Each structure stands twice: as structure tokens, then as C-alpha cells.
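>>> Please work out how this folds:
(chains A and B)
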Amino acid sequence: MHHPEEKIAPDPVMGETVTINMGPSHPSTHGVLRLVVELDGEVVRKVVPHVGYLHRGMEKIAESMTYHQFIPYTDRLDYLAPLSNNVAFVLAVEKLIGLEVPPRCRAIRVICCEIARISAHLLWLGTGALDLGAATVFFHTFREREILYNLIEMITGTRMTTSYPRVGGLARDFPDGLIPQLEEFLKTFPGKVDEYETLLTRNRIWLKRTQNVGKISGADAVDLGLTGPNLRASGVEYDVRKAFPYSGYEQYDFEVPLGAVGDAYDRYLVRVEEMRQSVRILRQAVASLPAGPVNADDPKVVLAPKKKVVTSMEELIHQFIIVTEGFPAPTGEVYHSVEAPKGELGFYVKSEGSKSPYRLKIRSPSFVSLQAVPLMAEGGMVSDLIAVVASLDPVMGEVDR
Amino acid sequence: MGTEPLEVVKVREKFGEALKEVVYFRGEETLLLEPSGIRSICAFLKSDPEMSFDMLLDITGIHFQEREYSYEVIYLLLSLARKRRLRLRVRLGEEGEIDSVVPVWRTADWHEREAFDLVGIRFKGHPDLRRILMPDDFVGHPLRKDFPLEQ
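Modelled structure (predicted):
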């Protein structure tokens, strides 16, 4: 796949270095990432990432919230794939309280997660290519991303702040007419991925900008805790959907693409292939979507249908208590993670028996990815630093939390 | 409970008293360890071929009030080859100090900085223990239980 080329080290400018700030407001940093870069001419001698500009204290806020109240906060982690975060969080809480959801709910959550993955990868591909000067790709990927956002709006009522899953189920079932539109998308989308690849995969400029850039070995990637496409591009096979299947992922047939050398080009190839694999999962999930309820039968956790609330005293009381006070979770601690578009997104929840978590820790893949920037960028050109950050696909909402 | 998981058997065999308790909950296991042994136990869990916990996923600091201990540090380990997770827990007194595990896994660097920044735990031997999410001139550690939510 690769034709490794020896990197030609440019001449340093008489050993005099300049320290510059890239960010926290810079078009290529995808949010408020600040990199303090020590430059020797155009060569990056040192990079120090500074994060925290989007820190909202979510983990602190969680300690005084009920489990349901925290769901909207998870939208604002990786805000390019909120459905995926919502699912990860409710799965952790369901594990803590020992609640199983019906098969239809599990399948719908898988569909949501894979739609989120494709839309997140489309944004990454469009903006990542834009960062490296390939402006056309952006217009193509945003065309398909818009179709997905329309579907997400049909499902959840909103485009970005989805908050669709609930502990024990979903806010509502899929609306009528969604499945045909999703099937239509699945029919046309693989052809669109071919289009993106026509623009990039064998494009000489793209190859020059990404091959052998930001290389990281499998051993380094593991040592630095990389997960998701960033880890797999270095040839390490670890996908939470396969290693620790959740929500019924074991029923679906799909492959986990791996890279060979762990450069920006491999990370590109892995994500493009992941979109195709997501289409495979979506087709199977749509074809085998079970009928039946979407909510677990647990009146103390799951809200009753509105019709019952206004006609039955018991349901009315349950709704009042769930909404105003929440539900208690048993004493204990759990960790649950999903394969989010950026990697392993996990929630560690420690409960001391009350209606709020005693401690909630969010293991965000982007936070960990950014730690690899110095290793990948130091010694390279400043323009390659842009490629490194773009290829790691960080999103500051989940870095800073 | 049936037979004990291999991790428990081996850590007990090698470190004896340092393993104080094992908690099983919802199919997950947590080893409560003596804090002084953390770095050597982590190094063992990483390098022993039967353990091969090659990845550290996360470090979480927790603050407590009015208990016999003031802090817990939670380490979340993953073995890629064995597809197993393991959680380690240590309890620290008011001094809140423990050896850094950066020499074992480089990824611990930012996780320990975060636990220091937000909870106030000090990691001995950390190469660059400074705040990460809060501004450098921030006073206090916001995830401590005595830190008010509104200020």
C-alpha cells in the first residue's frame, strides 16, 4: 500500500528558534486547541498541547444531577456524534442499575451509533481535506452529511443536541417513513464514498501530504493509549464493538479495517473503510429490526406513555418522581465504553446509593489522542503538524469536558 | 463465586499483602491495593505475559470527606491480547500522594495531570505535574467534595 519515501530534513535556520501559538483560535485546530510550537525555520522542534479552553466542569455538574438529567450534557462531549455519547452514557447507567432493554431498542441504538459514525467521519474527511488544501472534498461530504442530519432530525427532533436514548430505552420509537429514507441513503452512499476516494486516495498531492506524515508505531500507540481509528491505523486490532460487544453488535457481520504503518494516510484509509463497514452494519440492522417495545418494563426508571400518565394515578406518581427526583442506583461502580467515532468512549460511574453519581469520569478518546501530537509532529514540518492534528480527528468538547 | 480470576491469583501470589480486597460487581473486578506497591504491581500486570495489560485506559481520582481515607485513585487497565479489563483501586490518606505510573505507561501522563488538577492528588515522580484543564493560576481543585459547585 505504501511507497515509503525518505524524509528530507530541511536545513535548520542557524539554530535560532521561534515560539509561536497555534490556537486556541485557529481554523485548523477544530475547536479551541492551543499548540505552543517551537519552530526552527519551518521545522517543528517542540510542540506542547494546551487544553482546557472548553472545560465546563461536566463531571462536577454530574454529581448533583439525576442520571436522566445528565443525558443532554453528553450531547456536548463529541458534539459531532452526540448519539454515540448518549448511548454510551445510558449503557453505563443501565449496567449500574442492572437493567436490560428490549431487542428493538438495542437495534435502534446500533443504527444511531453507526449513523453518528458516518456523519462524524464525513465531517472529519471534509474538514481534514480542507486543512490540507483539498477544498472540493468538503462540499461532497457535507452533501451526504446533510442527508444524515435530516434523518437525525426525524429521529430525535433536533440535529445536534439529540438526547435521544433514555435510561431503559429511548425517548420515542423511530418515526414512520424513516426506514425508507435510511435505505435510500444506504443505496447511494457507497457510490459517494467512491467519489471521495476518486478525489483523494490516489491524488499525488494528497499522498505527499499524508504518507509518512505523523507516523506512530503500534507499540507507541498502545503505550500512549490511542484507541479507535488512530490505534487501528497503526495495525493494532482493537475495536470495542468486537472485543466487548454491547447493544447486540455481535449479531452483525462487519470487518475492522487496519492500517499498515500508522501515518496520516493510513488513518484516512481506515476511516474511509469504516464508513463502508458502517453501511454494512446499518443494512443488517435495518433488515433485521425487531418489532416490539423500545422501553424496558421498569416503571421506576422509564417514563410511562403520556396517555397512561393522564389516566392512571400510579403512572402519574411515577412520572412525577422520575422527573423531579430521579431514581436511585445501587452502591457500586461500573465502567462501560463504546466504540465512538473517535475511539473508546467510556463512562466510569461510582454510586453510593443515591440518585446522583458520587463520581462520574468520562474517558474520552480525543483527550488521549492529543497526547500523541508531540511524538507525531516533532521533527517534521510545520505544515505536517496541521496534517497530524487533522488526522487524529480530535474534538475539543470531549477533550475538555 | 467459583474460581478466582487469574489476575487475582497471580497478584496475590506475587504481592501477597498488597492485595487487600477484591470486589466483583456487574461482571467487573476491582482489586483494592496497598498504594505503596502501585508501580511495581502495574509494571508486573503490564509485562507478565499471562497478564499483558498493555494499555492503561484511564486514571480517575475521587475525593472523600469524613472517612478513614481521603482519596481513591482508580486505574483502568486493558489487555488487548486477552480482551480483558481490570480495575485497580488504591486509597490514600490526607497527604494524597502516590507514585506515578508514567514509567509504566506513557499515557498516564495526562491522566495523572488531570487527577492532580481536578482532585488534588500528587503523583510522585511524574515528569511534569501541572494543571491541564484549569488555568495555571486557578486556586483549588474543583472535583473535591468541599469545592462548591457555584462560586
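>>> from here on, contacts and neighbour counts on C-alpha atoms
Fine.
>>> that's a helix at A:Val137, yeah?
Yes. Assessed with DSSP: H, G, I helix; E, B strand; the rest coil, A:Val137 lies in a helix.
>>> That one reaches A:Tyr196, doesn't it?
Yes. Contact criterion Cα atoms under 8 Å: A:Val137 and A:Tyr196 qualify, at 6.4 Å.
>>> so the residue lying closest to A:Val37 once chain neighbours are set aside, which of the three states?
Sequence neighbours aside, A:Val47 is the residue nearest to A:Val37 in space, at 4.6 Å (criterion: Cα to Cα, 6 or more residues apart in numbering or on different chains). Following three-state DSSP, the label given to A:Val47 is strand.
>>> And B:Leu86, by the same measure?
Going by three-state DSSP: B:Leu86 is strand.
>>> Now do it against chain A, distance only.
Separation of B:Leu86 from chain A (Cα to the nearest Cα, to the nearest Å): 10 Å.
>>> residues in contact with that residue?
Going by Cα atoms under 8 Å, 6 or more residues apart in numbering or on different chains, B:Leu86 touches B:28-31, B:76-78.
>>> gap between the least confident helix or strand in chain A by mean pLDDT and the chain center?
Here the helix or strand of chain A ranked lowest by mean pLDDT, DSSP states H and E is helix A:306-309, holding a mean of 84. Chain-centre distance of helix A:306-309: 35 Å, with Cα atoms, centre = their mean, to the nearest Å.
>>> Not counting the helix or strand just after it itself, show me its contacts.
Going down the chain from helix A:306-309, the next helix or strand is helix A:313-324, by DSSP states H and E. Residues outside helix A:313-324 that contact it (Cα under 8 Å, 6+ apart): A:299-304, A:308-310, A:327.
>>> again, 7 Å this time
A:299-301, A:303-304, A:308-310 (Cα atoms under 7 Å, 6 or more residues apart in numbering or on different chains).
>>> Could you check the pLDDT of residue 108?
If you meant another chain, say so; for now it's chain A. What the model reports for A:Ile108 is a pLDDT of 95.
>>> Please refer instead to chain B.
Taking B:Ala108 on its own, its pLDDT is 95.
>>> Next up, the contacts around the residue in the stretch 201-350 of chain A that chain B sits nearest to.
Ranked by Cα to the nearest Cα, the top residue of the stretch 201-350 of chain A for proximity to chain B is A:Leu224, at 4.2 Å. Neighbour list for A:Leu224: A:372, B:106-107 [criterion: Cα under 7 Å, 6+ apart].
>>> Got the confidence number for it?
So, for A:Leu224, pLDDT stands at 95.
>>> quick one: it from A:Pro365, how far?
Distance from A:Leu224 to A:Pro365, counting by Cα to Cα, to the nearest Å: 11 Å.
>>> next one: phi and psi at residue 24?
Unless you meant another one, I'm taking chain A. Recorded main-chain torsions at A:Pro24 are phi -70, psi -10, according to degrees, to the nearest 10.
>>> wait, chain B
Dihedral angles for B:Tyr24 - degrees, to the nearest 10 - are phi -110, psi 130.
>>> any idea how far A:Tyr358 is from it?
For B:Tyr24, the distance to A:Tyr358 - Cα to Cα - is 19 Å.
>>> So B:Val22 belongs to a helix, correct?
No. Assignment of B:Val22 by three-state DSSP gives strand, placing it outside any helix.
>>> tell me the contacts of it?
B:29-32.
>>> TSV please, covering the residues you listed and showing neighbour count and pLDDT.
Converted to TSV, these look like this (neighbours: other Cα atoms under 10 Å in any protein chain shown; pLDDT from 0 to 100):
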residue	neighbour count	pLDDT
B:Glu29	19	91
B:Thr30	21	93
B:Leu31	22	92
B:Leu32	19	93
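>>> Now, these that are in strands?
B:29-32 (DSSP state E).
>>> Show me where chain B has its strands.
Using DSSP E, strands in chain B cover B:19-25, B:28-33, B:55-63, B:71-79, B:84-92, B:97-99, B:122-124.
>>> so which of those comes closest to A:Arg241?
Closest approach to A:Arg241 among the strands of chain B (Cα to Cα): strand B:84-92, 13.8 Å.
>>> next SSE after the helix or strand containing A:Lys192?
Assigned by DSSP H and E, A:Lys192 falls within helix A:178-200. Remark: after helix A:178-200, the chain's next helix or strand is helix A:204-210, criterion DSSP H and E.
>>> before we move on, the earlier item: extract the C-alpha trace of the helix holding A:Lys192 and format it as CSV.
Taking Å, rounded to 0.1, in the frame of the first residue of the first chain, the C-alpha atoms of helix A:178-200 are listed here in CSV:
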residue,chain,number,x,y,z
LEU,A,178,-37.6,6.9,8.5
ILE,A,179,-36.6,3.5,7.3
PRO,A,180,-37.3,4.0,3.6
GLN,A,181,-35.2,7.2,3.7
LEU,A,182,-32.4,5.5,5.5
GLU,A,183,-32.5,2.6,3.0
GLU,A,184,-32.3,5.1,0.1
PHE,A,185,-29.2,6.7,1.7
LEU,A,186,-27.6,3.3,2.2
LYS,A,187,-28.2,2.6,-1.5
THR,A,188,-26.5,5.7,-2.8
PHE,A,189,-23.8,6.3,-0.1
PRO,A,190,-21.2,3.7,-1.1
GLY,A,191,-21.0,5.4,-4.5
LYS,A,192,-20.4,8.7,-2.9
VAL,A,193,-17.6,7.2,-0.8
ASP,A,194,-16.1,6.1,-4.2
GLU,A,195,-16.3,9.7,-5.3
TYR,A,196,-14.4,10.9,-2.2
GLU,A,197,-11.8,8.3,-2.9
THR,A,198,-11.5,9.4,-6.5
LEU,A,199,-10.6,12.8,-5.2
LEU,A,200,-8.0,11.7,-2.7
